[in-house]
Structure formats: C-alpha cells, structure tokens
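Novice: how would this look folded up:
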Amino acid sequence: MRSALTASRRTIRLLAVAGISVAALAGWTFRHIASTIATWQGHGGRFATIYTLAFVLLVWQVCLYSLERPKKVTPRQQRQLDELRVVIPVPAYNEDPGYLKACLESILGQTRLPQWVYVVDDGSSVDYTDVRTWFVEAAAGAGVRASWERTANGGKRHAQGHVVRATSWYADVYVTIDSDANLAPDAIDELLKPLAAGDVQSVAGIVLAGNNRGPGRPRVPQGTRVGGRVKAAVGWWASQLLCRATDLWFVTGQLVDRSAASTMGAVLVNSGVLAAYRADLVVDNLDGYLNETFFGRRVEFSDDSMLTIYALQRGRAVQQPSAFAFTAMPENLSHHLRQFTRWMRGAWIRSWWRFKYLPLKHYAYWGHLIGWIQMALSTVIFSLLFVVWPVASQSFDPTLLLIPVIVGYGQSLRYLSFRRSDERLRSQLLTFALAPVAVLWAFFVLRVVRWYAIATCLRTGWGTRTAGVEVALGES
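Specialist: Okay, the predicted model is just below:
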C-alpha cells in the first residue's frame with residue numbers, strides 16, 4: 001500500500017498573505033482612485049474607468065476569500081454527522097488500475113469511513129479483475145459495504161445514476177469522487193462538517209494535483225542516440241513545467257474564486273474529484289441530471305456544476321478548505337487542452353442554466369453575473385491592448401503585461417497557504433515562482449481556447465480517455 005497523502009493549512013502564513021494583500025490593495029486603490037478622478041476631470045487615461053471597475057471587483061473578491069474559514073462543529077453536531085449514512089459512487093472508465101486502486105485504498109483508509117462504496121466499471125477496455133478482487137476483500141475487512149458492477153458505456157452520469165437508483169433507499173449523503181482521486185485520511189470527516197448546518201446542500205473539497213511535479217524521469221534505453229536522449233529530456237522537462245503550472249493555476253482558482261463564493265454560500269462549481277451532496281437533493285433531481293440536453297444534444301460533461309445548481313436552488317453550496325483530495329492532472333499538452341476545452345464548453349452551457357434557474361435573491365446569481373462582467377472587461381482590455389492597438393500602431397509595450405502578472409502573483413500567494421506531505425516548501429516555492437508562466441498561459445492561450453470552446457459548445461462529448469488510459473500511476 002502506498003503511503004497516504006495528506007495536506008493541511010498554514011495558519012501563520014495565511015495571516016502573512018492577508019497582510020501582503022492588504023498592503024498591495026492599498027497601493028492599487030490610490031492609483032485607481034487617482035486615475036478615476038483624472039478621467040472625470042477630462043484628462044485621465046483612456047482606460048481609467050474600466051480599470052477602476054475591474055479593480056473594485058478584484059477588491060471585493062479578495063475581501064470575500066480572505067474571510068473563508070474551515071467549518072467547525074460541536075460534539076453534538078459531530079454525533080449527528082456520525083449517524084449519516086454515506087454512499088460513495090466511484091465511476092471508472094479507462095482509468096489506470098494503479099490510480100483506481102489508490103483511490104479505493106484512500107477511501108478505506110479514512111478516519112470517518114463511508115457506509116457503502118459502489119464502483120461502476122462503465123464499459124472500460126481496461127481489465128480491473130485484480131483491483132476488484134482486492135477491493136471486495138479489503139472493504140469487508142474495514143467493515144464497509146462494497147459493490148462492483150460493470151455496465152455498458154453510458155458516461156459518468158449514467159454510472160452515478162446506476163448507484164443512486166440502487167442506494168436511494170439507504171443514503172443520507174452522496175460523496176462524489178473521481179476514480180483517480182486520492183483522499184487525505186480525514187477528507188470525508190472534514191467534508192461532512194458543513195452539513196451540520198441544515199441549509200447547506202453541497203460541500204466542495206480542495207483538489208490538489210497528485211502528479212504536480214510531473215511523471216517520473218523516463219528511462220532511455222542504452223544505445224539511444226544523442227538526439228533521442230535530448231528529445232526525451234526536453235519532453236520530460238516540458239511535462240514538469242506543465243504539471244506545476246497547471247497545479248498552481250487550478251489550486252489558486254479554488255482558493256480565490258471558489259473561496260470567495262463559498263463565503264456567501266454561493267459556490268457555482270463543485271469539483272467531481274471530491275464533493276458531498278444531501279441524498280434527497282440528488283434523488284429528486286436524478287431524471288433531469290441524467291437527461292440534460294442543450295439544443296437537442298445530450299450533455300455528458302459538467303456533471304459537478306449541474307449538481308451544484310440543484311444545491312443552490314435549495315440552499316447554500318459551500319467549500320470546506322480543510323478537506324483535501326489529490327487527483328491526476330494532464331501530463332501532456334494535448335490532454336491539457338482537451339480537458340480545458342471540455343471544462344469551458346460546460347461552463348458556457350451551465351451559464352445559461354444559472355441565469356435561468358438560480359433565484360434572483362441568491363448571491364450565486366449576482367456572483368455569476370459579476371464573473372461575466374469581469375470576463376467582459378478583461379476581454380475588452382485584452383482585445384484593445386494586445387490586438388487592436390499593436391496592429392494599428394505596429395508596436396507593443398511589454399510593460400502592459402505587468403498588471404496581469406502582478407495580480408497573478410498576488411492571487412497565487414494563496415497556493416502557499418497549505419502544506420502537503422509529499423512536497424517540501426522549496427518545491428512549492430518553485431511552483432509559485434512559475435506564476436508568470438501560468439498567468440500568461442491563461443492570458444494568451446487558455447483565453448483563446450475558451451472562445452473556441454464557446455464556439456464549439458454543441459460538441460458535448462467527453463473528449464478524454466476514449467482511446468484508453470491517458471495518465472498512468474508511477475513514482476514521481
């Protein structure tokens with residue numbers, strides 16, 4: 001059995017990050033207020049008003065995410081949570097057997113065990129015989145009810161729906177996880193705590209990249225020519241860079257955007273890697289969940305954000321920043337871009353449903369609207385500063401990139417607010433140093449991919465793992 005991965009918050013560092021953020025915001029506030037006054041007087045910069053509005057939204061977001069704290073419970077509440085019957089559906093489709101076994105090991109190693117773990121092999125081309133045999137025996141030894149079924153390939157929602165229909169008579173809470181998830185030992189215990197509040201309908205965990213330092217160094221066969229060795233080395237270093245930058249970008253997004261929304265009980269997207277839902281919420285909305293269409297096309301992805309909409313219609317959706325899970329992120333550019341394209345197609349489709357179904361009295365509606373205002377402002381600024389004017393003037397001022405880089409560095413400080421058992425601080429600092437790479441990649445590349453995803457949103461297939469395993473478990 002592999003050693004358990006753990007993570008914890010750095011409280012002292014959080015205070016330091018807050019102090020730095022406040023100091024930075026004070027400086028930026030002065031600049032933008034001065035620019036706005038100058039604009040009103042008729043001789044300010046052309047973008048002072050737009051920048052000021054964007055800055056006000058940024059300040060609001062910083063204030064919100066700085067207020068997020070892990071939910072604590074009383075002994076009485078803990079006893080009530082201990083009585084909840086937790087069912088974990090584990091859909092598996094062409095997952096690497098090593099990752100799937102590590103996932104199930106982490107579930108059975110929880111300080112708060114679930115009552116029932118239900119694996120659905122969704123028509124994989126991978127042989128899981130050994131994993132299944134081990135799992136059934138290990139679950140029995142841990143006192144956890146275990147089920148494993150193989151179905152024809154119908155997608156992740158179909159696999160989850162199969163579990164819900166089989167367990168709806170029993171479950172109080174469904175904890176959704178991905179088949180490559182590796183839960184910290186106290187993940188479920190921490191994840192359930194916000195459910196002590198009766199109006200909380202769903203809880204998101206924090207997802208870290210288990211392969212955040214990329215794959216292990218490749219073994220080059222003896223006799224390989226210099227060109228082959230160089231190619232292997234370059235490919236390996238490129239994978240390291242991609243994994244670190246992706247982890248930084250992905251984790252920062254959770255600790256900035258989702259943390260800010262969580263403070264208002266308005267998380268818009270839970271992560272399928274680790275989230276908890278009240279069982280009646282899932283059961284009551286199962287038909288809609290399994291049969292979602294967009295312009296007549298069946299939607300297979302964006303399952304987590306659909307469940308979050310259901311939660312927001314009934315109450316609050318929050319994040320528990322002390323519940324950690326590790327997942328496998330893409331290790332090559334093709335997989336990374338296909339995954340992001342799928343996410344952005346889902347985000348565009350989901351935006352329609354949020355504006356249509358979220359109640360106007362819920363902050364989630366207005367938080368979603370603010371997000372689109374931020375995107376519109378950034379798109380206008382990006383288009384004019386980096387496309388229209390450089391073409392018209394045939395020149396480009398690289399200092400314009402300082403604003404997104406500085407803001408990105410400030411937000412990425414949140415990445416240092418936790419520690420993980422498999423990584424030293426110096427390695428985490430190395431990843432943090434890549435903030436400009438992550439920011440500029442998102443600024444120039446992922447922005448274009450998002451536009452492409454919106455333009456091709458009617459392609460509602462999953463897009464990854466269709467040809468088999470894409471990320472294999474190895475020693476990094």
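
Novice: How about residues contacting whichever helix or strand Asp280 is part of?
Specialist: Applying DSSP states H and E as the criterion places Asp280 in helix 279-284. Outside helix 279-284, the residues that touch it by C-beta atoms under 8 Å, 6 or more residues apart in numbering are 87, 164, 168, 171-174, 201-202, 289, 307, 310-311, 314. C-beta coordinates here come from the backbone N, C-alpha and C atoms, glycine included.

Novice: and what of stretch 395-405?
Specialist: With C-beta under 8 Å, 6+ apart as the test, stretch 395-405 has contacts from Leu385, Phe386, Pro390, Ala435, Pro436, Val439, Leu440, Phe443.

Novice: Quick one: name whatever helix or strand follows the helix holding Asp280.
Specialist: In the C-terminal direction from helix 279-284 (assignment by DSSP H and E), the next one is helix 286-290.

Novice: Contacts made by the helix or strand following that following helix with the rest, please.
Specialist: Using DSSP H and E, the helix or strand that follows helix 286-290 in sequence is strand 293-294. Contacts to strand 293-294, defined as C-beta under 8 Å, 6+ apart, come from residues Val299, Ile349, Trp352, Cys457, Leu458, Thr460.

Novice: now stretch 332-350
Specialist: So stretch 332-350 is contacted by 238-239, 242, 246, 268-269, 294, 299, 301-302, 305-306, 309, 329-330, 446, 449-450, 452-454, 456-457, 459-460, 462-464, 470-471 (C-beta under 8 Å, 6+ apart).

Novice: I'd like to know which of those are buried.
Specialist: By neighbour count, with 16 or more other C-beta atoms under 10 Å, the contacts of stretch 332-350 hold 239, 242, 246, 268-269, 294, 299, 301-302, 305-306, 309, 329-330, 446, 449-450, 453, 457, 460, 463-464, 470-471 as buried.

Novice: just so I have it, where are all the strands in the stretch 201-350 of the chain?
Specialist: 274-278, 293-294, 297-298, 316-327 (DSSP state E, counting those that start in this stretch).

Novice: possible to save those strands as CSV with mean pLDDT and distance to Leu416?
Specialist: Formatted as CSV, the strands of the stretch 201-350 of the chain follow (pLDDT from 0 to 100; distance: least, C-beta to C-beta, whole Å):
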stretch, mean pLDDT, distance to Leu416
strand 274-278, 97, 21
strand 293-294, 90, 39
strand 297-298, 88, 42
strand 316-327, 96, 14
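
Novice: got the contact list for the nearest residue to Asp178 once chain neighbours are set aside?
Specialist: Using C-beta to C-beta, 6 or more residues apart in numbering and skipping the chain neighbours, the partner closest in space to Asp178 is Val273 (4.8 Å). The neighbourhood of Val273, defined by C-beta under 8 Å, 6+ apart, consists of Ile177, Asp178, Ala181, Gly205, Val207, Ala325, Thr327.

Novice: tell me the pLDDT at the third one?
Specialist: You'll see Ala181 listed with a pLDDT of 93.

Novice: ditto for the fourth one
Specialist: The predicted local distance difference test score for Gly205 is 97.

Novice: what about it, how many residues close to it?
Specialist: Neighbours of Gly205 under the rule other C-beta atoms under 10 Å: 28.

Novice: Tell me which helix or strand in this protein has the weakest average pLDDT.
Specialist: None of the helices or strands of the chain scores lower by mean pLDDT, DSSP states H and E than helix 11-40, at a mean of 58.

Novice: helices and strands around whichever helix or strand comes after it, which ones?
Specialist: Sequence-wise, the next helix or strand downstream of helix 11-40 (DSSP H and E) is helix 48-66. On a contact count with 3 or more C-beta pairs under 8 Å, 6 or more residues apart in numbering; DSSP states H and E, helix 48-66 meets helix 11-40, helix 259-263, helix 363-383.

Novice: elements contacting the second one?
Specialist: Using 3+ C-beta pairs under 8 Å, 6+ apart as the contact criterion, the elements in contact with helix 259-263 are helix 48-66, strand 316-327, helix 363-383.

Novice: Can you pick out the most distant pair from the contacts of Val273?
Specialist: Pairwise distances across the contacts of Val273 (C-beta to C-beta) peak at 11.4 Å, for the pair Asp178 and Gly205.

Novice: If you count contacts, what does the helix or strand encompassing Ala392 end up packed against?
Specialist: Assigning secondary structure by DSSP H and E places Ala392 in helix 389-393. Contacts defined by 3+ C-beta pairs under 8 Å, 6+ apart place helix 389-393 against no helix or strand at all.

Novice: Tell me, how many residues neighbour Gly154?
Specialist: 17.

Novice: How about Lys101?
Specialist: 21.

Novice: Skipping adjacent residues, who's closest to it in space?
Specialist: Val131 (4.9 Å).

Novice: ok, that neighbour to Asn153 distance?
Specialist: 18 Å (C-beta to C-beta, to the nearest Å).

Novice: any idea of the mean pLDDT in the helix or strand hosting Ala139?
Specialist: Secondary structure from DSSP H and E places Ala139 in helix 129-142. Mean pLDDT, helix 129-142: 96.

Novice: can you tell me which residues contact Gln319?
Specialist: The neighbourhood of Gln319, defined by C-beta under 8 Å, 6+ apart, consists of Glu68, Val203, Ala204, Gly205, Ile206, Gln254, Arg258, Ser259, Ala261, Ser262, Val267.

Novice: need the strands for the stretch 351-476 of the chain, in chain order.
Specialist: Using DSSP E, counting those that start in this stretch, strands in the stretch 351-476 of the chain cover 418-420.

Novice: returning to what we had before: so what touches the helix holding Ala139?
Specialist: Pro97, Leu100, Lys101, Leu104, Glu105, Leu108, Leu113, Val117, Val119, Arg145, Ala146, Trp148.

Novice: Restricted to helices, list the residues you listed.
Specialist: Of the contacts of helix 129-142, the ones assigned to helices by DSSP state H are Pro97, Leu100, Lys101, Leu104, Glu105, Leu108.

Novice: Number of residues surrounding the last one?
Specialist: Just to be clear, that refers to Leu108. If we define neighbours as other C-beta under 10 Å, then Leu108 has 19 of them.

Novice: Now do the nearest residue to it once chain neighbours are set aside against Gly272, distance only.
Specialist: Closest residue to Leu108 apart from its sequence neighbours, by C-beta to C-beta, 6+ apart: Ala142 at 4.7 Å. Applying C-beta to C-beta, the value for Ala142 to Gly272 is 24 Å.

Novice: higher neighbour count, those two?
Specialist: Gly272 (22 against 15).

Novice: burial of the nearest residue to that one once chain neighbours are set aside, as a residue count?
Specialist: Nearest residue to Gly272 in three dimensions, chain neighbours excluded: Asp304, at 4.2 Å (C-beta to C-beta, 6+ apart). Counted by other C-beta under 10 Å, the residues lying close to Asp304 total 22.
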